[in-house]
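**Q** mind folding the following:
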Amino acid sequence: MSSELQRLSAQPPQAIGLAWAVSSLVALWSASGGVKAIMEGLDVAYEVRETRSFFKFTLSALFIAVLGIFVSVISLSIAVILPYLFAYAPYQSALEQWVTIAAWPGAFLLSLLVISLVYRFGPNRQRDWHWFSWGAVLASALWLAGTVLFKYYVSNYGSFDRVYGGVGALIGFMVWIWISLLVLLFGAELNREIERQNSSDGLKDSEQRPSPSLNSRIDS
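**A** Have a look, this model is predicted:
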C-alpha cells in the first residue's frame, strides 16, 4: 500500500487528474448500468413497456446514478464532519442528543425525496409528479427499519468476515443493496396497485352516474 501511494505521489498532477477523470467516468457509466436494471424492474412493477430512446433512457439512468452518488457523498460528509463540530461546540451533550433525534426524521425525508424522484424518472410513464406517494412513504420507512436491523445483525450475529475473508465487507454491502432494491420495488408495486384501485373505483362511479346527455334527453 505504501509503495503504491509513493508511486502515485511521484506522478505529475496532470496525469493524476486525467486518471481521476477517466476512472470517475468509468465508475459513473458502470453505476448507470446498474440503474438501468432498476429502471427495467420499475417498468415491470408499473406494468409499462420501455419505449424511450437509448439517449433518453441513458440520460435518466445517469441522472439517478448522479443523484445517488450525491446523496451518498453528502451523507458521508455529514457523518464525518459532525464529530469534529461536536468537539468544539458548546453544550456538546445536549447538541448531540438533539442531532440524534433530528437525524431520523431528516433521514426519512431525504429518503422519501430520493425514492419519489426515482419513481418519477425511473419507469417509462408520463404522470404528474407528486411530492410523495404511499409507496414512497412505505418504502422509506421500510428502508430505514431494514437498515437499522441489518446493521444490528451484522454487528451482533453477522459472520461475513469469517466466511468471505477480506471481501466480507463488500458482500455485506451487496446484501444491503439487495434489501434496498427489494424495498424500492415493493413500494412501486404498492403505488401501481393503489392506482389500479383508484382507476377501478373511478370507472364504477362513472358507470353509476347518469351522463348529462341522457338527462337532457329524458327532460326533453
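
**Q** what packs against the longest helix along the chain?
**A** If you go by DSSP state H, the chain has its longest helix at helix 168-208. If contacts are counted by 3 or more C-beta pairs under 8 Å, 6 or more residues apart in numbering; DSSP states H and E, helix 168-208 sits against helix 13-46, helix 92-121, helix 134-156, helix 160-164. Yep, even glycine has a C-beta here, placed from its N, CA and C like the rest.

**Q** okay, the angle between it and helix 92-121?
**A** 60 degrees (axes from the mean of the first three to the mean of the last three C-alpha atoms, to 10 degrees).

**Q** of all the helices and strands packed on helix 168-208, which one comes closest to W176?
**A** Nearest to W176 among the helices and strands packed on helix 168-208 is helix 134-156 (5.7 Å), distances taken as C-beta to C-beta.

**Q** look up how far N191 lies from V80.
**A** Remark: distance between V80 and N191 (C-beta to C-beta, to the nearest Å) = 35 Å.

**Q** more crowded one of the two?
**A** N191 (21 against 9; other C-beta atoms under 10 Å).

**Q** relative to helix 92-121, how tilted is the strand or helix carrying V66?
**A** Here V66, judged by DSSP states H and E, is contained in helix 54-88. Relative orientation of helix 54-88 and helix 92-121, computed by the same axes, to 10 degrees: 180 degrees.

**Q** tell me the mean pLDDT for helix 54-88?
**A** In this model, helix 54-88 has an average pLDDT of 82.

**Q** now stretch 160-172
**A** Per-residue scores along stretch 160-172 average to 77.

**Q** give the buried residues for that stretch.
**A** Within stretch 160-172, the residues that count as buried by 16 or more other C-beta atoms under 10 Å are 160, 168, 172.

**Q** mind exporting that stretch as PDB, just the C-alpha atoms?
**A** C-alpha atoms of stretch 160-172 as PDB (Å, rounded to 0.1, in the frame of the first residue of the first chain):
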ATOM      1  CA  PHE A 160     -19.300 -12.100   6.700                       C
ATOM      2  CA  ASP A 161     -15.600 -11.600   7.600                       C
ATOM      3  CA  ARG A 162     -15.200 -15.200   8.800                       C
ATOM      4  CA  VAL A 163     -16.900 -16.700   5.800                       C
ATOM      5  CA  TYR A 164     -15.700 -14.500   3.000                       C
ATOM      6  CA  GLY A 165     -12.400 -13.200   4.400                       C
ATOM      7  CA  GLY A 166     -11.200  -9.800   3.000                       C
ATOM      8  CA  VAL A 167     -14.300  -9.300   0.900                       C
ATOM      9  CA  GLY A 168     -16.700  -9.800   3.800                       C
ATOM     10  CA  ALA A 169     -17.500  -6.000   3.900                       C
ATOM     11  CA  LEU A 170     -18.200  -6.000   0.200                       C
ATOM     12  CA  ILE A 171     -20.500  -9.000   0.500                       C
ATOM     13  CA  GLY A 172     -22.400  -7.300   3.400                       C
END
